[in-house]
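**Student:** this one's structure only:
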């Protein structure tokens, strides 16, 4: 079931001309660069990889990371997953961002938005989960809610990209 939801998100976000979706346990280049910034060329330790997630959304032209997705394969909707990112070196940029994240568990799709409107306070917003239709008679009524949620996240990502 999760693969079907992944495919739905993949299609809805990849068809847009300004962003591209990379799926399949990808690493964030931004978090890898931050982790390796103190590493010297003479240091013989391995480079650290970035934070791993199931999807990374990037802009096509600038290759800038604009969103992520995490999927729970076991435990269903009660599985805990953690999302975190630190932009402490760019406080002016933090106040302009609205970071969308998807959480897929069982046949439910959740959309979360993280923003930091003022100071050091972050606001975490969760939309009502949307169920993926598995019964043919429910496809027409439930698919519109699912696509509306996915396209809303895409619009938020594109708006953040345009603010930089």
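**Tutor:** Looks like it arrived, so ask away. Just so we're clear, the structure is a prediction, and the values are computed from it rather than from any experiment.
**Student:** surely residue 152 touches residue 113?
**Tutor:** No - here residue 152 lies out of contact with residue 113, judged by C-beta atoms under 8 Å, at a distance of 9.3 Å. To be clear about C-beta, it is placed using only N, CA and C from the backbone, and glycine gets the same treatment.
**Student:** need the overlap of contacts for these two.
**Tutor:** The contact sets of residue 152 and residue 113 do not overlap (C-beta atoms under 8 Å, 6 or more residues apart in numbering).
**Student:** buried ones in the helix ranked longest in the chain, by neighbour count?
**Tutor:** Longest among the helix segments of the chain by residue count, using DSSP state H, is helix 139-163. Across helix 139-163, burial judged by 16 or more other C-beta atoms under 10 Å covers 142, 146, 149-150, 153-154, 156-158, 160-161.
**Student:** just give me the least confident of those residues.
**Tutor:** Least confident of those in the model: residue 161, at 63.
**Student:** who does the nearest residue to residue 64 once chain neighbours are set aside bridge with?
**Tutor:** Take residue 64 and drop its neighbours on the chain: the residue closest to it by C-beta to C-beta, 6 or more residues apart in numbering is residue 58, 6.3 Å away. Under DSSP bridges, the beta-bridge partners of residue 58 are residue 20, residue 65.
**Student:** what about residue 58, how many neighbours?
**Tutor:** Neighbour count for residue 58, taken as other C-beta atoms under 10 Å: 19.
**Student:** report the rounded mean pLDDT for the helix or strand residue 117 falls within.
**Tutor:** According to DSSP states H and E, residue 117 maps onto strand 108-118. Mean pLDDT, strand 108-118: 83.
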